[in-house]
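Chemist: build me a model from this:
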Amino acid sequence: MPKALTLATTVSTLLLLAACGPQPVQVQSGDAAPAGSAEVTASAPATVTPTSPATSQTPSTAATTTKPAGGSLVLGPLGFGSLKLGMNRQQANATGMVVAFESTPASSCTASNLRDAPSDKGYVHLSAALGIAAIDAYNGSIRTPEGVHVGMSSADMRRIYPEWKPVDGDANNGRGGVWAPGGDHKTVYRIALRNGVITELTLQLRNQDCYE
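Modeler: Model prediction:
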């Protein structure tokens, strides 16, 4: 399992914006966790709440398609292919898209990986309270419906998501978030940059509780 990482990057103004958003995604309860179930050990991205809500859009066809034209894989706004944010352990395992979670976490979260991802990438976080809370892209072939992907320049990303603002660092070396278009202000794209290039792309619940 990846190593635990706790980050605290959310500033008070971002929290105020998140608090004004709609209620969290309804999550179906998972099965009870056996004693001794594993807690989070994945290297997790920092929580990011968007600074300015993007206009809500109707999810595109690409958002519900695992492989659109061109061979890209689509992340969001509600999930990755058949793997959806809010699913419980049994539902997530049944998609066949994750390395199976062995148990529902007794408290907090546990983590696994997307089945086709390297062991140190493509993390999927399972919250005891919320179900699937975050899904990481593991390479540049995984794209948002708008075309944003790991390896894209920060300038191109900001043309697509002008609402994205860094919560630490700057526009070329930092991380921030933007509401996922079509996610009804319940889901967020957390995007990290290094030397002007996207290095991390994560779809997460606005109120995810697996990392700070």
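
Chemist: where does this structure have its least confident helix or strand?
Modeler: helix 12-19 (a mean of 35; mean pLDDT, DSSP states H and E).

Chemist: toward the C-terminus, what is the element adjacent to that one?
Modeler: As assigned by DSSP states H and E, the chain's next helix or strand after helix 12-19 is strand 73-74.

Chemist: and the next helix or strand past that following strand?
Modeler: For strand 73-74, the following helix or strand on the C-terminal side (DSSP H and E) is strand 79-80.

Chemist: which other helices and strands contact that following strand?
Modeler: strand 131-136 (3 or more C-beta pairs under 8 Å, 6 or more residues apart in numbering; DSSP states H and E). From N, CA and C alone the C-beta is placed, and that goes for glycine too.

Chemist: list the buried residues of the strand it packs on.
Modeler: 131, 132, 133, 134, 135, 136 (16 or more other C-beta atoms under 10 Å).

Chemist: and residue 135, what does it touch?
Modeler: 75, 79, 80, 83, 85, 114, 123, 124, 125, 202, 203, 204 (C-beta atoms under 8 Å, 6 or more residues apart in numbering).

Chemist: so residue 121 touches residue 140, yeah?
Modeler: No. The pair residue 121 and residue 140 fails to qualify as a contact (C-beta atoms under 8 Å) at a distance of 11.7 Å.

Chemist: now residue 147: how far from residue 86?
Modeler: 25 Å (C-beta to C-beta, to the nearest Å).

Chemist: neighbour count winner among the two?
Modeler: The neighbour count for residue 147 versus residue 86, taken as other C-beta atoms under 10 Å, is higher for residue 86 (21 against 14).

Chemist: now the more buried one: which helix or strand?
Modeler: For residue 86, there is no host helix or strand (DSSP H and E).

Chemist: pLDDT score assigned to it?
Modeler: For residue 86, the model assigns a pLDDT of 97.

Chemist: from residue 194, how far out is it?
Modeler: From residue 86 over to residue 194 the distance is 30 Å, taken as C-beta to C-beta.

Chemist: then residue 90?
Modeler: Counting by C-beta to C-beta, the gap from residue 90 to residue 194 is 37 Å.

Chemist: low pLDDT regions in the chain?
Modeler: Within the chain, the stretches with pLDDT under 70 are 1-72, 212.

Chemist: same thing but at 50, please
Modeler: For the chain, applying pLDDT under 50 flags the ranges 1-45, 52-71.

Chemist: quick check, residue 181 in contact with residue 147.
Modeler: No. With contact defined as C-beta under 8 Å, residue 181 does not reach residue 147; the gap is 11.6 Å.

Chemist: find the nearest non-adjacent residue to residue 105, please.
Modeler: If the residues on either side of it in the chain are set aside, residue 105 comes closest to residue 128, at 4.5 Å by C-beta to C-beta, 6 or more residues apart in numbering.

Chemist: roughly how far apart are the one you found and residue 83?
Modeler: Taken as C-beta to C-beta, the span from residue 128 to residue 83 is 18 Å.

Chemist: do residue 126 as well
Modeler: Counting by C-beta to C-beta - residue 126 and residue 83 are separated by 11 Å.

Chemist: same thing with residue 198?
Modeler: 21 Å.
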